[in-house]
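Fold the following and give me the result.
(chains A and B)
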Amino acid sequence: MTVTEDRAKQRAVALRERAAKAAVERRNRWGRRSLILPAMLYTIVVTQIPFVITIWYSLQSWNLLRPGTRHFVGLDNYGKVFTDAGFRTAVVNTVFFTASAVLFSLVIGLVLAILLDQRFRGRAVVRTLLISPFLIMPTAGALLWKTTMFNPVFGIVNFVLKPFGVGTLDWASRFPMPTIITVAVWQWTPFMMIILLSGLQSQSTDILEAARVDGAGGWQIFRRLTLPHLRTYLELCVLLGSIFIVQTFDSIFIITQGGPGQATTNLPYFLYLQAFRRFEIGQAAALAIVTTIGTIVIATIALRVLSNLFKGEELAPR
Amino acid sequence: MSTVAERAPGRVQETTPSPGRFRAGRLLVPTLAWVAAIGFFFPVFWMFITGFKHEADAFTSPPKLVFSPTLDQYRAIFDRDFAPFLINSATATVLSTLLVLALAIPCAYGLAVKPVQKWRDVLFFFISTRFLPIVGAIVPIYVIARDAQLLDTVTALIILYTAMNMPIAVWMLRSFFLEVPTAIMEAARIDGATLRQELVRIVLPLVAPGIAATALICVIFAWNEFFFAVNLTASQAATVPVFLVGFITSEGLFWARLSAAATMACLPVLLAGWIAQKQLVRGLTMGAVK
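The predicted structure is shown next:
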C-alpha cells in the first residue's frame, strides 16, 4: 500500500517538476517571441501589405486624374504591359545598365582592393578617399556629374579629354547610357572594393607564404589561391550590387530624365512615369508586380548564396 | 592587369627579402593607388571648392583651381530657406533610426541568443523585404498615404525609412550579438536574470560599438533616400535631396550655389562614413562579411 502511495507521490512530483520546467521553457519561448514579434509585425505591415494591395490594384482600370472611372478589368493591365513597346525597351535598358554597371564596378573594385591590400605610405588615406563616392548623397552626386563634370563647355570631363581631340561633346545626349553607367560605376566601385578587400584580408598569410616558398609565382598564387578564396565574396558583390543597382532612380531622374527618347528609361523610372506623371494606378501596379517577380528570381539566388555563407555559423543553443 | 595581380600577395613580399624586380613594384602600387584615389575623389573635391567660388569663377573654360573664396553661396542658400529641408531630413533620419533600433535590438537579440524554431526563416524574411524593389510597393503606399492624410508629412517618411532599414539593422545587430561570449550570458542566467534584464544590463553595454555602427548605417541610408521623398512630399516635408533637385530646376544652373548646397547635404554622411569605415563592410553585407 505505502509503496504504491510513495510511487504515486513520486510520480506526481516528477510530473509537477516536468510541468514547471515546461512552463519555464514556454515562458522563455514566449519571451523570445515577444522580442522578435514587434519588428516582424512592423515589417509585415509596412512592406508586405502594400505589396498585396498592389496585386489588387493591378486588376483594375484606375486613373487618379479621372475620378469615378475605377473598375475591375481582370488581367487587362498585364496584357497592356506585355504588349507595350516602352516596357520592353525599359526591360532591355535595365538589364544592360545593371549588367554593365555591376561588371565594371566589380573589375575596378577588385583591382583597387588588390592595391589596397598592399602596404604603402598613406594607405588609410587612399582607402578613405576611395570609399567617398559611395557615401555621397546619390542625388548630389548625379547633379554634380550632370553639371560640373559632363557639361559640354565648362565640364571637367571635356577639359581633361581636350588633348585627345574631344571638343564640346554633350555626353548626356550623345552617349546617354555610358554616361549613367559611368556615374553608377563611380558610385558602386567603392562598395565592391570594400567587400573584396575584406575578402583579401581574410586570406591566411601562412598558405600564401607556403606557396611562395614552394616557388609559386605571383600570378599563379592569384589564380590558384586568391581567386578561389574570393569566390564567395565576388558572388556577394554581384548579387548585392545587382539588387541595389537595378533599382537606380536618382541619376536617371536627374541626368537624362530617361532620355533622349527612351534611351535610358529603366524599369523604376518607367514605373515612376506611369504612376506619377500619367497617374495610371492600375497599369503602374501591374508593372510593379511584373518587376517584382523579375527581382524575386534574382533575389532567390541571392538568398541562397547568403544562406550558404551562414551555413558554417554555429547553430547550437546558447 | 597582370602586373597588378603580381603584387597580390603583398604580405608575403614583406617577409621575403625582395630581389630587384620588386623595387619597381614598390613604387607602382602606391602610384596606381593614389592616382585612382584622386580620380575617384575628384568630383567630391571639386564640389567642395566650387561651393566657395563666385558664380563667375564656377563657369570658366578652362576650369579654375585658383580663385578668391567666398561664403556668399552658403549665405544665399540659407536665404532661400534651406533650413526647413535640413530639419525635415534630420527629423526623418534621427527618428527613423531610433525607431529601427528600438525594434531591431530586441529582435536581433531574440534571434541570436537562442534560435527560435525557424529562426532562419525569420532572418530571411527580413532580408527578402529589402531585396524587393521599392517601386513594387510605391503605388499603394502613395494611395494609402493620401487617404490617411500622410502625404507631405515627415511621419510618412519616418514610417517608411524605418521599414527600409529594419532588415539591415536586424542582420547587422545579430552578427554583433553572436560575438558576445556565451559564458557571460550563462552566468547572468544562473543568477536568475530574465531575458530582458540579461539584454539591457549585460549584453547592451558589450555591443554598444556595434549598435553605434548599425545606427550609422541606418543614418546613411535614411539621409540619402530620394525616391520616397520625391514622390511622397511636396512643400511641407521635403528633404535635402528634394531641395537639391528643386534648386536646379527653379533657378537654372547656379553651379557654385548648387555645390555649396550639395556640400552641406553630403557632409554629415561623409564624415559618419569615414569614421565608421571599418564597420561599413559589415553593414553593407548584412553582417555576412566582417
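
could you say which helix or strand contains the residue positioned nearest the centre of chain B?
Centroid-nearest residue in chain B, with CA atoms, centre = their mean: B:I220, separated by 2.2 Å. B:I220 is part of helix B:208-224 when elements are defined by DSSP states H and E.

picking that back up, so what's the residue nearest to the centre of chain B up against?
B:I220 is in contact with A:L135, B:V269, B:A272, B:G273, counting by CB atoms under 8 Å, 6 or more residues apart in numbering or on different chains. To be clear about C-beta, it is placed using only N, CA and C from the backbone, and glycine gets the same treatment.

if we can go back for a sec, C-terminal to the helix holding B:I220, what's the next element?
By DSSP H and E, the next helix or strand past helix B:208-224 is helix B:227-232.

Show me which residues of that following helix are buried.
For helix B:227-232, burial by neighbour count (16 or more other CB atoms under 10 Å in any protein chain shown) applies to B:F227, B:F228, B:A229, B:V230, B:N231, B:L232.

Quick one: list the elements packing against that helix.
helix A:267-276, helix B:135-147, helix B:154-177, helix B:240-251 (3 or more CB pairs under 8 Å, 6 or more residues apart in numbering or on different chains; DSSP states H and E).

so which of those helices comes closest to A:P38?
Smallest distance to A:P38 across the helices and strands packed on helix B:227-232 (CB to CB): 10.6 Å, for helix B:154-177.

At which residues are the helices of the stretch 1-150 of chain B located?
Under the criterion DSSP state H, counting those that start in this stretch, the stretch 1-150 of chain B contains helices at B:2-6, B:10-15, B:21-50, B:55-58, B:72-79, B:83-113, B:119-131, B:135-147.

Can you redo the ones you listed as CSV, where the extra columns are distance to chain A, mean pLDDT and mean neighbour count?
Formatted as CSV, those follow (distance: least, CB to the nearest CB, whole Å; pLDDT from 0 to 100; neighbours: other CB atoms under 10 Å in any protein chain shown):
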stretch, distance to chain A, mean pLDDT, mean neighbour count
helix B:2-6, 4, 42, 15
helix B:10-15, 4, 43, 16
helix B:21-50, 4, 84, 17
helix B:55-58, 8, 77, 18
helix B:72-79, 13, 83, 16
helix B:83-113, 3, 91, 22
helix B:119-131, 4, 76, 19
helix B:135-147, 4, 84, 22
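
so B:F176 sits right up against B:G210, yeah?
Yes: between B:F176 and B:G210 there is a contact under CB atoms under 8 Å: 3.1 Å.

Show the contacting residues for A:T98.
A:S242, A:I245, A:V246, A:T248.

give me that answer again for 6 Å
Residues near A:T98 by CB atoms under 6 Å, 6 or more residues apart in numbering or on different chains: A:S242, A:I245, A:V246.

Closest to chain B out of those?
A:V246 (7.1 Å; CB to the nearest CB).

can you tell me the helix or strand for the residue lying closest to the closest one once chain neighbours are set aside?
Take A:V246 and drop its neighbours on the chain: the residue closest to it by CB to CB, 6 or more residues apart in numbering or on different chains is A:T98, 4.8 Å away. Element membership of A:T98, judged by DSSP H and E, is helix A:85-116.

For that helix, buried residues please.
Residues of helix A:85-116 classed as buried: A:87, A:89-91, A:93-94, A:97-98, A:100-102, A:104-106, A:108-116 (neighbour count, 16+ other CB under 10 Å).

Mind exporting the C-alpha coordinates of the next helix or strand after that helix to PDB?
Toward the C-terminus, helix A:85-116 is succeeded by helix A:123-135 as the next helix or strand (DSSP H and E). Taking Å, rounded to 0.1, in the frame of the first residue of the first chain, the C-alpha atoms of helix A:123-135 are listed here in PDB:
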ATOM      1  CA  ARG A 123      47.100  53.600 -47.500                       C
ATOM      2  CA  ALA A 124      44.500  54.600 -44.900                       C
ATOM      3  CA  VAL A 125      44.100  58.000 -46.700                       C
ATOM      4  CA  VAL A 126      43.700  56.300 -50.100                       C
ATOM      5  CA  ARG A 127      41.100  54.000 -48.700                       C
ATOM      6  CA  THR A 128      39.200  56.900 -47.200                       C
ATOM      7  CA  LEU A 129      39.200  58.800 -50.400                       C
ATOM      8  CA  LEU A 130      38.200  55.800 -52.400                       C
ATOM      9  CA  ILE A 131      35.100  55.000 -50.300                       C
ATOM     10  CA  SER A 132      33.800  58.600 -50.500                       C
ATOM     11  CA  PRO A 133      31.800  58.300 -53.700                       C
ATOM     12  CA  PHE A 134      29.700  55.700 -52.100                       C
ATOM     13  CA  LEU A 135      28.900  58.000 -49.200                       C
END
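
what about the stretch 1-150 of chain A, any weak spots by pLDDT?
A:1-3, A:21, A:23-29 (pLDDT under 70).

Which positions in it make contact with chain B?
A:31-32, A:35-36, A:38-39, A:42-43, A:46-47, A:50-51, A:53-54, A:111-112, A:114-115, A:117-118, A:120, A:126, A:128-133, A:135-137, A:139-140, A:143-144, A:147-149 (CB under 6 Å from any CB of the partner chain).

Out of the residues you listed, which end up buried?
A:32, A:35-36, A:39, A:42-43, A:46-47, A:50-51, A:53-54, A:111-112, A:114-115, A:117-118, A:120, A:126, A:128-133, A:135-137, A:139-140, A:143-144, A:147-149.

Do me a favour and get the backbone dihedrals for A:F72.
The phi and psi values for A:F72, taken as degrees, to the nearest 10, are phi -80, psi 130.

Equivalent analysis for A:Q60, please.
phi -120, psi 150.

Nice, that's everything, thank you.
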